[in-house]
Structure formats: structure tokens, C-alpha cells
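1. starting from these lines, generate the structure:
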Amino acid sequence: MSEELDVLLREIDKKKAALNMNPPLAPDVESAYQERFLYDNIYHNNAIEGNQLTREEVELVLKDNQVIPGKSFRDHVAVLGYLDALILAQRYGCDGVRITEHELRKLHRTMLIDQQLVSGEYRNYNLMIHGHRPTSYEKVPYKMTQLVEARPSDLRHPIENIAFFHLRLEKIHPFGDGNGRVGRLIMNALLEEAGYPAVIVRVEDKTRYYEALNAYDGLDGNPQVEPMQLFLAELVCRQLDEQLALYAPKGTEATNGAESAGE
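-> All right, here's what the predicted structure looks like:
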């Protein structure tokens, strides 16, 4: 582990401890935060994959059951399916459900509601993604069994283990479509099970996210795990900061910012 990652993980655990010392949020504050997180999560995770609905349109589709003129039917269905899959993944995390192949395939089937003939089924063909070749389809069942049966290392921080799991899943790329979205849902389920907040890979994080995935691809013969571990740790830190800010008195952040600027 690099010093940079070690420092960041220690900071995360301090912030997590500080958050846990706070009393429960007022119901209206908690509800507003959860609702904002839900729509942000669904928007960004689908936008990364090319969905053309805006953040505001995603909320209209999900909250008010609106159909957005000029936007594809598939984009509408994608956010509806992702909502159901997100709820299922949250249940996995909150209930401490062990992630097996059955759970992964069920999540994929729940998400791809417009592709019922192939959803939940491993791909039976090879493919190229941005010049990279995932695991050959013949090896997918074996690699998936290996992945879900492997025990997380007790020598690593939970966030390190979760990032490594995500890298291995995306490298296998078991499904024909929806691997990234399912992988990020599982990543959040594992974070919540470990007591950390779910995170959002935002559109503006896309380049960094794919760089971390590519670093593990191993095309140069040197697969790297730490770029994704650092990236995920930074996302968790960002989410903890957002949650801690809910407890800050109004005006505190602005005051602190002004003081910092004055220095």
C-alpha cells in the first residue's frame, strides 16, 4: 500500500467514526438527502453509459412517471430498471446478503427489463471494449465462481478489497451489456455492508474511473490495483464529507472557506 492510500484510508475511518458519533438526522433532512442521492445515482450511472436523459428528466421519469419528448424509449426503460436494481442492491448491503452468482445474475435481470431473453445470462461470445478484450466467454462461468468464492483478504482495508472485487468483475465482463452498472451497484452493496456510505461515480469522474479500470487490464504486463483503490477511497471520502456537512450549522462551510481564503 502506498503512503497516499494509507493516509486516505485513515482519514476515511476518522470521518466515519465522527459521523457515527452524531445523532440521527431529522427525518426531513434524511429524506431529502436520500432522495437527492437516489436521483443523482441513477442519473450519473446511466449517463456514464450514454443515456441521454438529463438529471432533471430522470427525476421526472421516476417521480412523476413522465415521458420525455425527443428521448429514446430505451433511455426511459434503462432508468426504470436501474431504480429496481438499485433498491435490490441496497437490500443486499443492508441485510448483509452474500454476493453469489445468483445475486449478481438476479441484479442484472432486474436492471435490464427490456432484454429479458439475455438478462441474467452470461455472454456466449467474445467482444472487444475500447480496444481491450475481456475474459473469453468460455472461461466466464469458471472465473465468476472463482470471484464470488474468494475470501476478502484480512490484511487489506475493506475499501481495498471492494475495489479489487470490482476490478476483477469488470475484467471478466460476464454479461453482454450492463456490466459497469451492475458492478457499481455491487460495489455500493459491499460498501454499505462494511459500514461505509454508498458512492456515486459521477459523469465528471468517468475519465478517472476508466483510467483505473484500464490500469488493471494488464495490457502492458503490469496490472495495477491501487489506482482503483485510490479512486474508490476518494469517492467514499467525498460521500462522507457530504454526510458530515448535513450536521454543520448553516454558514459554517462558508465561514471556513472565507478563513481559508484569508490565509
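2. where do the helices sit along the stretch 101-250 of the chain?
-> For the stretch 101-250 of the chain, helices defined by DSSP state H, counting those that start in this stretch occupy the ranges 101-111, 140-149, 158-172, 179-193, 206-217, 226-245.
3. contacts for the last one, please.
-> Pointing back at helix 226-245 there. Residues from elsewhere that reach helix 226-245 (C-beta atoms under 8 Å, 6 or more residues apart in numbering): 1-2, 4-5, 8-9, 11-12, 15-16, 18-19, 22, 33, 159-160, 162-164, 166-167, 187, 191, 196-201, 205, 208-209, 211-213, 215-216, 253. Just so you know, the C-beta spots here come from the backbone N, C-alpha and C atoms, and that holds for glycine as well.
4. of the residues you listed, buried ones?
-> For the contacts of helix 226-245, a burial check counting by 16 or more other C-beta atoms under 10 Å picks out 5, 8-9, 12, 15-16, 159-160, 162-164, 166-167, 187, 191, 196-201, 205, 208-209, 212-213, 215-216.
5. so how far is residue 86 from the most centrally placed residue in the chain?
-> Taking C-alpha atoms, centre = their mean, the centroid of the chain lies closest to residue 184, which sits 3.1 Å from it. The spacing between residue 184 and residue 86, counted by C-beta to C-beta, to the nearest Å, is 10 Å.
6. span of stretch 124-134 from start to end?
-> Using C-alpha to C-alpha, to the nearest Å, the span of stretch 124-134 from its first residue to its last is 13 Å.
7. please compute how far that stretch lies from its chain's middle.
-> 22 Å (C-alpha atoms, centre = their mean, to the nearest Å).
8. in it, which of the residues would be classed as buried?
-> By neighbour count with 16+ other C-beta under 10 Å, stretch 124-134 contains the buried residues residue 134.
9. contacts for it, please.
-> Contacts of stretch 124-134 (C-beta under 8 Å, 6+ apart): 136-137, 171-173, 176, 210, 214, 217, 219.
10. check stretch 105-112 too.
-> Here stretch 105-112 makes contact (C-beta under 8 Å, 6+ apart) with 81-82, 84-85, 88-89, 92, 116, 118-121, 175, 177-178, 181-182, 185-186.
11. pull out the buried residues from stretch 140-155.
-> In terms of neighbour count (16+ other C-beta under 10 Å), stretch 140-155 has its buried residues at 140, 143-144, 147-148.
12. now, among those, which is nearest to residue 224?
-> Taking C-beta to C-beta as the measure, residue 224 sits nearest to residue 147 out of the buried residues of stretch 140-155, at 18.6 Å.
13. quick check: the gap between the closest one and residue 169.
-> Distance, residue 147 to residue 169, by C-beta to C-beta: 6 Å.
14. ok, residue 42 next?
-> According to C-beta to C-beta, residue 42 and residue 169 sit 20 Å apart.
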